[in-house]
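Engineer: Sharing a model that was predicted from the sequence below.
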Amino acid sequence: MKIFLTGGTGFIGQPLTRKLIERGWEVTALVRNPNSPQSRAIQRMGAKLAQGDVTSRESMQDAMQGADAVIHNAAWYEFGVSKAALERMRLINVQGTINTLELALELGIPKMVYTSTALIFGDTGDRIADESFQRSAPPKSAYEQTKTEAHACVRQLQEAGAPIVIVCPARVIGPGDPSSSGSLVRMYVRGFLPPVLFARDGRIASVHVEDTAEGIVRCVERGRIGETYILSNGNMRHKDEFDLWKQTPGGFKTTLLYMPKWMAMPFNRIAEPIERLFGLPLVFSREFALTAFGNWQFTAAKAERELGMNFRSLEEVWLDVLAAERAARR
């Protein structure tokens, strides 16, 4: 099988590329810079590199021609993007999705898999949501907003008959995670996680990056056209998550205070420009805090049933992630 892949150099994309090649499939990966370390890494796995960008439809046409399936995995995922960067995020996440899938449709590609996110369902409140859940809350971040817009465009293509399968991972976790959550994990492992945290009772579903990659591949193999599949290892309250971390070697074992929302929001608003000023990883931001105080609970029962996924417990997954981050630190 010939696969055209976008987003192959990213956090999800690298294990996804590896799993595709392990299937014995021929992978052509769209990359902006063929000489980057990430591009070289997937090239060593066996991927063929095609220079281009999802924001330029013409740059993808020759490389996509003749593919048996297109996997559109490219996106810009970050909390706390500046206002100046918002339109760039929309260009990548929304227009890039339209460019990729409409081109695949025009070229007659028989199957397309789109990597969306469980965030498109919005805050789920007290419910553990499945694929039928209807959004009732406004977006809390630019990422959630742009991915929700992109998802709506993809659903329109699906309803018009395009051969698309949508996969919606929960919060993706794993060693090397570049997001704010990944930064918090590394802060804990290195002994820098502060004893004052926030969003004690927020609940969130998470999925290991390897399970995410496997789920996307299985959407190519088994996913039913026109369907959506949520990927999740389970749901956990933030306090329970931190308490689990504290059972392993790392930083502070006691949290002195969980800031209430009225206190946490000003803290994050102040921290965000300071992080930018000093060129630090953007861990704390208004968008991150708003998301943390929400509930994002999901079930992956449909993916287990139809894709044959076997998700490990979230507790087991977190222990693996923490162990891998400790090994990486050494």
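Structural biologist: That came through fine. Owing to the predicted nature of the structure, the values given are computational and were not obtained by experimental measurement.
Engineer: any idea how far C219 lies from A69?
Structural biologist: Counting by C-beta to C-beta, to the nearest Å, the separation of C219 from A69 is 9 Å. The way it works is simple: take the backbone N, C-alpha and C, and place the C-beta from them, glycine included.
Engineer: so what sits against both of the two?
Structural biologist: Among the neighbours of C219, those also in contact with A69 (C-beta atoms under 8 Å, 6 or more residues apart in numbering) are V113.
Engineer: the more surrounded of the two?
Structural biologist: C219 (28 against 22; other C-beta atoms under 10 Å).
Engineer: Flag the shaky bits of the protein, pLDDT-wise.
Structural biologist: The model of the chain has no residue with pLDDT under 70.
Engineer: which residues of it fall in strands?
Structural biologist: Here the chain has its strands, by DSSP state E, at 2-6, 26-31, 48-51, 69-72, 112-115, 164-169, 171-173, 196-198, 203-208, 228-231, 234-237, 257-259, 295-296.
Engineer: Can I get those strands in a markdown table including distance to A41?
Structural biologist: Converted to a markdown table, the strands of the chain look like this (distance: least, C-beta to C-beta, whole Å):
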| stretch | distance to A41 |
| --- | --- |
| strand 2-6 | 14 |
| strand 26-31 | 11 |
| strand 48-51 | 11 |
| strand 69-72 | 18 |
| strand 112-115 | 19 |
| strand 164-169 | 21 |
| strand 171-173 | 18 |
| strand 196-198 | 34 |
| strand 203-208 | 20 |
| strand 228-231 | 23 |
| strand 234-237 | 30 |
| strand 257-259 | 39 |
| strand 295-296 | 31 |
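Engineer: right, and those - which one's nearest E149?
Structural biologist: strand 112-115 (13.2 Å; C-beta to C-beta).
Engineer: got a list of what R330 touches?
Structural biologist: Contacts of R330 by C-beta under 8 Å, 6+ apart: none found.
Engineer: Nearest to G125, out of the strands of the chain?
Structural biologist: Of all the strands of the chain, strand 295-296 sits nearest to G125, with 5.6 Å by C-beta to C-beta.
Engineer: Do I have it right that L197 meets E241?
Structural biologist: No - the pair L197 / E241 is not scored as a contact, 10.3 Å apart, by C-beta atoms under 8 Å.
Engineer: now the nearest residue to K111 once chain neighbours are set aside: how far from W25?
Structural biologist: Nearest-residue entry for K111: A69, 4.4 Å, with adjacent residues in sequence omitted and distances by C-beta to C-beta, 6 or more residues apart in numbering. As judged by C-beta to C-beta, A69 and W25 stand 9 Å apart.
Engineer: Now for these two: what residues contact both?
Structural biologist: With C-beta under 8 Å, 6+ apart, A69 and W25 have common neighbours 1-3.
Engineer: Out of these, who's the most crowded?
Structural biologist: Using other C-beta under 10 Å as the neighbour test, the shared contacts of A69 and W25 are led by I3, with 25 neighbours.
Engineer: Report the contact partners of W76.
Structural biologist: Taking C-beta under 8 Å, 6+ apart, one finds 88-89, 92-93, 143 in contact with W76.
Engineer: give me that answer again for 6 Å
Structural biologist: Contacts for W76 (C-beta atoms under 6 Å, 6 or more residues apart in numbering) come out as 89, 92-93.
Engineer: Pick the one among those closest to C168.
Structural biologist: Out of the contacts of W76, the member with the shortest distance to C168 (by C-beta to C-beta) is N93, at 14.3 Å.
Engineer: Double-check the closest one against N73; I have them as touching.
Structural biologist: No - using C-beta atoms under 6 Å, N93 is not in contact with N73, being 11.8 Å away.
Engineer: Report the buried residues of stretch 86-94.
Structural biologist: 89-94 (16 or more other C-beta atoms under 10 Å).
Engineer: who touches that stretch?
Structural biologist: For stretch 86-94, using C-beta under 6 Å, 6+ apart, the contacting residues are 55, 75-76, 81, 142, 146-147, 149-150.
Engineer: Please repeat the previous calculation with a cut-off of 8 Å.
Structural biologist: When contacts are defined by C-beta under 8 Å, 6+ apart, stretch 86-94 is touched by residues 54-55, 74-76, 78, 81, 142-143, 146-147, 149-150, 153.
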